[in-house]
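>>> Provided below are the primary sequence and the corresponding predicted coordinates.
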2 protein chains.
Amino acid sequence: MAAKASYSLPRVDSAGSFAAIEKIMSQPEFMRAAITLAEEGMRSGRGGPFGCVVVRRGEIVGRGSNRVTSTNDPTAHAEVVAIRDACAALKTFQLTDCELYTSCEPCPMCLAAIYWARIPQTFYGNTRGDAAAIGFDDDFIYQQVPLPPEKRAIKMELFMRDEAQTAFKEWATKTDKVRY
Amino acid sequence: MAAKASYSLPRVDSAGSFAAIEKIMSQPEFMRAAITLAEEGMRSGRGGPFGCVVVRRGEIVGRGSNRVTSTNDPTAHAEVVAIRDACAALKTFQLTDCELYTSCEPCPMCLAAIYWARIPQTFYGNTRGDAAAIGFDDDFIYQQVPLPPEKRAIKMELFMRDEAQTAFKEWATKTDKVRY
């Protein structure tokens, strides 16, 4: 499958056209690296069959495979692990000049993590439907997120909002805050 | 604000009615602990004004405050930190007998993390609208998640699905897999 023409936009740099061609050619390699992480992670018993790489200017800067069950961390999805790995390597909390390759469409947790990390482009292999077909809840959670809180399978209740407001008011006027 | 009657259900145990009353009385204390974590985290420069506790049978088993900017981790929201903390303490990847108290409505990343952790009940202080009013993207991301991938502000592209399918097929027939 060909990449979108728009894909090369964030990757154009002073290295010129040869570098651009080389980078476009390596897209399948990046996805294969994500798929290999998925396969290795599953086979070694680290977790589910999911892998991910974060790429910056033609180089892999972060890697992750699912390790939920082996590390007792329900947030350790491949994308979250790869984003944390890339941010640690690059010493930043924003990956605005990166792309993410993941072996499966990100679940809502990972999708929102991509937004918070400011990654402008994502390539994914399997779909949320493919994940549902082998027993994962990604599609179910996608259905739950847009619901009003009181309609969800999880019980959610607004509680003590007046007291919680204090911290928000203080943040609004804080002069030395670091935004994200 | 009174708790829902259903709240006490997952917390009923052999300790009987006195314990049940004691637990219901401590709900404001749990929320205040989350709010205090939000305030301390903000004032110490760890990150945004968000705090969270995970509670099991009347005891706090996990704590978190936002530390995105101080640890270069865009996934280090209060809820994610608290869930990871609780899972590490309890040596499990599923918190089915816990509740979560957070000083603000969970963003989609944290909401999905609550689903993956199987936490059946969440109490929240501020709303996503309150967070938007002081400059946070929670509400924007809530609007983005339900969109078809090609309509989002982030570019998303299905890529090499055939190769990605291999790991999923292997998972489907794997006999020693640990589900989550």
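Sure thing, it's come through.

>>> give me the element the residue lying farthest from the centre of chain A is part of.
Within chain A, A:Asp162 marks the point farthest from the mean C-alpha position, 33.6 Å out by Cα atoms, centre = their mean. Per DSSP states H and E, A:Asp162 falls inside helix A:161-173.

>>> what does that helix rub up against?
Contacts with helix A:161-173, where a contact means Cβ atoms under 8 Å, 6 or more residues apart in numbering or on different chains, come from A:177, B:31-32, B:35, B:38-39, B:42-43, B:48-51, B:103-104, B:125-127, B:130-131, B:133-134. For every residue, glycine as well, the C-beta is placed using N, CA and C.

>>> contacts for the helix or strand where A:Cys87 lies next, please.
Secondary-structure assignment from DSSP H and E places A:Cys87 in helix A:78-90. Here helix A:78-90 makes contact (Cβ under 8 Å, 6+ apart) with A:34, A:37-38, A:41, A:50-54, A:56, A:61-67, A:93, A:95, A:98, A:100, A:102-104, A:106, A:109-110, A:113-114, A:117, A:119, B:72-75.

>>> tell me where chain A has helices.
Assignment of helices within chain A using DSSP state H yields the ranges A:16-25, A:27-43, A:68-71, A:78-90, A:108-116, A:128-133, A:138-144, A:161-173.

>>> the longest one near chain B at all?
Yes - counting by Cβ under 8 Å from any Cβ of the partner chain, chain B has neighbours in helix A:27-43: A:27-28, A:31-32, A:35, A:38-39, A:42-43.

>>> any of the contacts of helix A:161-173 buried? List them.
A:177, B:31-32, B:35, B:38-39, B:42, B:48-51, B:103-104, B:125-127, B:130-131, B:134 (16 or more other Cβ atoms under 10 Å in any protein chain shown).

>>> report how many residues lie close to the nearest residue to A:Lys177 once chain neighbours are set aside.
In this structure, A:Lys177 finds its nearest non-sequential neighbour in A:Trp171, 6.4 Å apart by Cβ to Cβ, 6 or more residues apart in numbering or on different chains. Counted with other Cβ atoms under 10 Å in any protein chain shown, the neighbours of A:Trp171 add up to 20.

>>> swap in A:Arg63?
The local packing of A:Arg63 (other Cβ under 10 Å) involves 19 other residues.

>>> against chain B, how distant is it?
As judged by Cβ to the nearest Cβ, to the nearest Å, A:Arg63 and chain B stand 15 Å apart.

>>> same question for A:Arg67.
From A:Arg67 to chain B the distance is 10 Å (Cβ to the nearest Cβ).

>>> which residues touch that residue?
A:41, A:46-47, A:73, A:76, A:81.

>>> ok, A:Gly135 next?
Here A:Gly135 is in contact with B:Arg179 (Cβ under 8 Å, 6+ apart).

>>> cool, A:Arg43 as well?
Contacts of A:Arg43 were listed using Cβ under 8 Å, 6+ apart, and they are B:Glu170.

>>> repeat that for 10 Å
A:49, B:167, B:170, B:174 (Cβ atoms under 10 Å, 6 or more residues apart in numbering or on different chains).

>>> ditto for A:Leu95
A:Leu95 touches A:54-56, A:61-62, A:82-83, A:86-87, A:114, A:116-120, B:74, counting by Cβ under 10 Å, 6+ apart.

>>> for the residues you listed, which one is nearest B:Leu147?
A:Ile114 (13.6 Å; Cβ to Cβ).

>>> quick one: that closest one and B:Ala88, what's the gap?
Applying Cβ to Cβ, to the nearest Å, the value for A:Ile114 to B:Ala88 is 25 Å.

>>> of those two, which one has the most company?
Set side by side, A:Ile114 and B:Ala88 show more neighbours around A:Ile114, with 28 against 14, by other Cβ under 10 Å.

>>> thought A:Tyr101 was touching that one, still the case?
No - the criterion here is Cβ atoms under 10 Å, and A:Ile114 misses it with A:Tyr101 at 11.6 Å.
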